[in-house]
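>>> Attaching a predicted model along with its sequence, questions to come.
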Amino acid sequence: MQQPLFRNGGKRRGAGRKPAGPRARASHEARPEIKASHAMHVTIRAMSDLPSLRQRHTYAAIRAASAAAAKQQAFRICHLSIQDSHLHLIVEADDKGALTRGMQSFQISAARQLNKLLARRGRVFDDRYHLVVIRSPKQMRNVLVYLLGNWRKHGVDRGLAPAWLVDPYATGFAFAGWKELRQGTPLWPSSVTPRWLVVKPPTSWLLTRGWERGGGAISVFEVPGKRPE
């Protein structure tokens with residue numbers, strides 16, 4: 001018997017908007033409530049047809065987007081790490097609306113910059129971003145190690161050691177909690193004046209000082225384990 005094309009009465013399994021892209025992972029459930037006291041770990045994945053984001057010209061495009069985001073008052077990118085196919089951010093926002101507007105503005109700006117640079121059109125980032133609200137000092141410390149030490153996990157540091165102790169494609173330069181920094185050790189060559197990514201100082205307790213209660217100061221040589229979430 002031929003099945004009808006349309007059926008009444010109830011939602012069909014699998015109906016509705018599907019996550020976009022082959023690597024879509026972010027849930028489309030409602031975002032959690034956001035407060036100014038929160039710090040959040042955000043992951044943004046690039047479309048598979050883009051080249052590695054860890055190149056000088058793509059770095060410049062993302063840096064320009066970070067500078068634009070820094071002009072906002074209610075949304076703060078406090079740390080940013082550029083990986084080959086995705087971005088990790090630690091952000092703060094005054095509320096849920098500020099987070100939505102801030103992330104949308106950053107993604108649009110980065111997409112425009114990258115599309116212009118690469119002479120392409122279309123979507124740059126795959127699906128919507130993945131968000132985790134940080135709840136404890138230990139979780140905050142783990143996220144900092146994961147974000148700022150990701151280049152060591154993937155062995156990218158080998159080509160820059162020993163002169164570079166922090167990832168030039170991340171914001172370790174803006175982190176005051178390094179053991180080596182407190183001991184007076186230079187974190188990058190004195191002959192180099194990098195054009196760093198633009199970030200804003202954190203205001204949340206977890207990100208300013210609470211993280212240290214989760215395990216103490218962080219060494220630049222600490223290699224992160226699995227994703228902290």
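Here it is on my side, so go on.

>>> distance of residue 97 from residue 33?
11 Å (C-beta to C-beta, to the nearest Å). The way it works is simple: take the backbone N, C-alpha and C, and place the C-beta from them, glycine included.

>>> more neighbours, the two?
residue 97 (12 against 9; other C-beta atoms under 10 Å).

>>> Helix or strand: which one has that one?
helix 96-118 (DSSP states H and E).

>>> who does that helix touch, helix- and strand-wise?
Judged by 3 or more C-beta pairs under 8 Å, 6 or more residues apart in numbering; DSSP states H and E, helix 96-118 is in contact with strand 40-45, helix 56-69, strand 75-82, strand 86-93.

>>> In its sheet, which strands sit next to the last one, and in what direction?
When sheet partners are counted by DSSP bridges, strand 86-93 sits next to strand 40-45 (antiparallel), strand 75-82 (antiparallel).

>>> Nearest to residue 131, out of the ones you listed?
Proximity to residue 131 (C-beta to C-beta) singles out strand 40-45 among the strands paired with strand 86-93, at 5.5 Å.

>>> how far does the closest one sit from the chain's center?
Relative to the chain's own centre, strand 40-45 is displaced by 4 Å; criterion: C-alpha atoms, centre = their mean, to the nearest Å.

>>> I'd like to know how many residues surround the nearest residue to residue 170 once chain neighbours are set aside.
The shortest distance from residue 170 to any non-neighbouring residue, by C-beta to C-beta, 6 or more residues apart in numbering, is to residue 81 (3.9 Å). Here the number of neighbours of residue 81 (other C-beta under 10 Å) works out to 23.

>>> Repeat that for the one 3 residues further on.
As a burial measure, the neighbour count of residue 84 was computed by other C-beta under 10 Å and equals 14.

>>> Now it: which helix or strand?
With DSSP H and E as the criterion, the answer for residue 84 is that it lies in no helix or strand.

>>> mind listing what the residue nearest to it when sequence neighbours are not counted touches?
The shortest distance from residue 84 to any residue other than its chain neighbours is 4.4 Å, reached at residue 52 (C-beta to C-beta, 6+ apart). Residue 52 makes contact with 58, 84, 85 under the criterion C-beta atoms under 8 Å, 6 or more residues apart in numbering.

>>> tell me which of these is nearest to residue 196?
Out of the contacts of residue 52, the member with the shortest distance to residue 196 (by C-beta to C-beta) is residue 58, at 15.5 Å.

>>> Could you measure from the closest one over to residue 43?
Relative to residue 43, and taking C-beta to C-beta, residue 58 is found at 17 Å.
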